[in-house]
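Chemist: Just to be clear, the model below is a prediction. Sequence and coordinates:
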Amino acid sequence: MTTSTKKRLYVVAGILVTTGAAALGFLWWAVLQPTVLEPMDTAIQTWLASNQSESLTLLMIIFTEIFGPIALPIIVLAVTLTWGIRAEHSWRPFLLAAGTLTGVIIVQIITRVVQRDRPPLDLMLYGHDMTFSFPSGHVLGVADFFLILTFLVFSRRHAPRIAALSYVTAVIFVIGTAASRLYLGYHWTSDVLASMALSLVIVGTVIAVDTHRTARVPGALETASR
């Protein structure tokens, strides 16, 4: 890895961590002040409730199930094990699993500290959920997994078009999951924004760790993506 590439990745990691931490800190503070974000959260939830349809509801249910707490861990495990067996540098599959798992642990801690109530039960379209709302575990899990995976796979490959398409796809999955959680009535908008902010912190940290580790291992630049 060249010095310029290493510096560039460290700068990107720093920007992601700083931006994500600042946004998460603001949102955390704001949800504890009911008058700050309540108008936005309520307005968006009301608009979504007034624009429902059977086909859209079905699509959102499918989305939230595919990337939910049952299916997503299976996907993460399958990708990690398959990649780990084939990879010459096993730290990269490990980073994928560790980054995703770290997000799950952090979100469980934050939800119990903040203890924010979810939207009213009559807005929930797919069964009642009495757990806490802030931030969204669904959104964080999808963001961490797909963004970390995309970075680890393409950061050492010279395929900019495929990489760009993969990042766009990852973002679509994140936005789709966020939309499904809002549409189905399980989260406020500030919940999913907080998850995206926290994901920036986790992804930035993974980028920094991977860059440091790759720079130390001879030949890692050529084989890290295998």
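Modeler: On my side now, so go ahead. Residues are numbered from 1 along each chain as shown.

Chemist: any low-confidence regions in the protein?
Modeler: Along the chain, the parts satisfying pLDDT under 70 run over 1, 88-89, 215-226.

Chemist: mind listing the helices for it?
Modeler: With DSSP state H, the ranges of helices along the chain come out as 3-31, 34-49, 54-66, 71-86, 91-114, 137-154, 160-183, 189-216, 220-223.

Chemist: where's the spatially most central residue of the chain relative to Val201, distance?
Modeler: Centroid-nearest residue in the chain: Ala143, 2.0 Å away (criterion: CA atoms, centre = their mean). When CB to CB, to the nearest Å is applied, the distance between Ala143 and Val201 equals 11 Å. For the C-beta atoms, the positions are set from N, CA and C on the backbone; glycine is no exception.

Chemist: can you check Gly141 too?
Modeler: From Gly141 to Val201 the distance is 15 Å (CB to CB).

Chemist: what about Gly137, neighbour count?
Modeler: 22 (other CB atoms under 10 Å).

Chemist: cool, and Gln108?
Modeler: Neighbourhood size, Gln108 [other CB under 10 Å]: 13.

Chemist: and what of Ile85?
Modeler: By the measure other CB under 10 Å, the count of residues near Ile85 is 9.

Chemist: do the same with Ile61
Modeler: 16.

Chemist: again, but for Arg157
Modeler: Arg157: 12 neighbours (other CB under 10 Å).

Chemist: And the one 5 residues further on, by the same measure?
Modeler: Using other CB under 10 Å, Ile162 is surrounded by 11 other residues.

Chemist: shouldn't it be in contact with Val168?
Modeler: No. If you go by CB atoms under 8 Å, Ile162 and Val168 don't touch, sitting 10.8 Å apart.

Chemist: Looking at Gly141 and Val201 now, which is surrounded by more residues?
Modeler: Shown here are Gly141 and Val201; by other CB under 10 Å, Gly141 has more neighbours (25 against 21).

Chemist: quick one: the more buried one from Ile66, how far?
Modeler: Relative to Ile66, Gly141 is positioned 12 Å away (criterion: CB to CB).

Chemist: what touches both of these two?
Modeler: By CB atoms under 8 Å, 6 or more residues apart in numbering, Gly141 and Ile66 have these common neighbours: Leu72.
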